[in-house]
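Trainee: this is the structure alone, sequence omitted:
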């Protein structure tokens, strides 16, 4: 019985790691798409908040907040925010920046 619980726990850890990687890759793709729309250079993408819970559709999932840094002139750096539920982009907050 103990080995069954061990396999269940190991399987859950592997699944959560895989799901976290999938969300991070989706955030990176959303940040690239956003920087192309703004015609700016993407510098980096980082997760600042991640929590498990019920999503707006009633299913369990991961709510994440990512910061992406970008530059419009090569000298100054700005930070935008991506709010995501699983791999779906819910909203984007982009600060005023030089064009």
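Mentor: Great, that's in hand. Remember, it's a predicted structure, so these values are computed and weren't measured experimentally.
Trainee: strands of this structure, start to end?
Mentor: 41-54, 60-71, 78-85, 88-93 (DSSP state E).
Trainee: shaky segments in this structure?
Mentor: For the chain, applying pLDDT under 70 flags no range at all.
Trainee: what's near enough to touch the residue nearest the centre of it?
Mentor: When the chain is reduced to its mean C-alpha position, the nearest residue by CA atoms, centre = their mean turns out to be residue 27, at 3.9 Å. When contacts are counted by CB atoms under 8 Å, 6 or more residues apart in numbering, residue 27 is found next to 45, 47, 64, 66, 68, 82, 84. Quick note: C-beta positions are derived from backbone N, CA and C, even for glycine.
Trainee: of the residues you listed, buried ones?
Mentor: When the contacts of residue 27 are checked for burial by 16 or more other CB atoms under 10 Å, the buried set is 45, 64, 66, 68, 82, 84.
Trainee: let's have the strands of the chain in CSV, adding distance to residue 7.
Mentor: Converted to CSV, the strands of the chain look like this (distance: least, CB to CB, whole Å):
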stretch, distance to residue 7
strand 41-54, 21
strand 60-71, 21
strand 78-85, 29
strand 88-93, 31
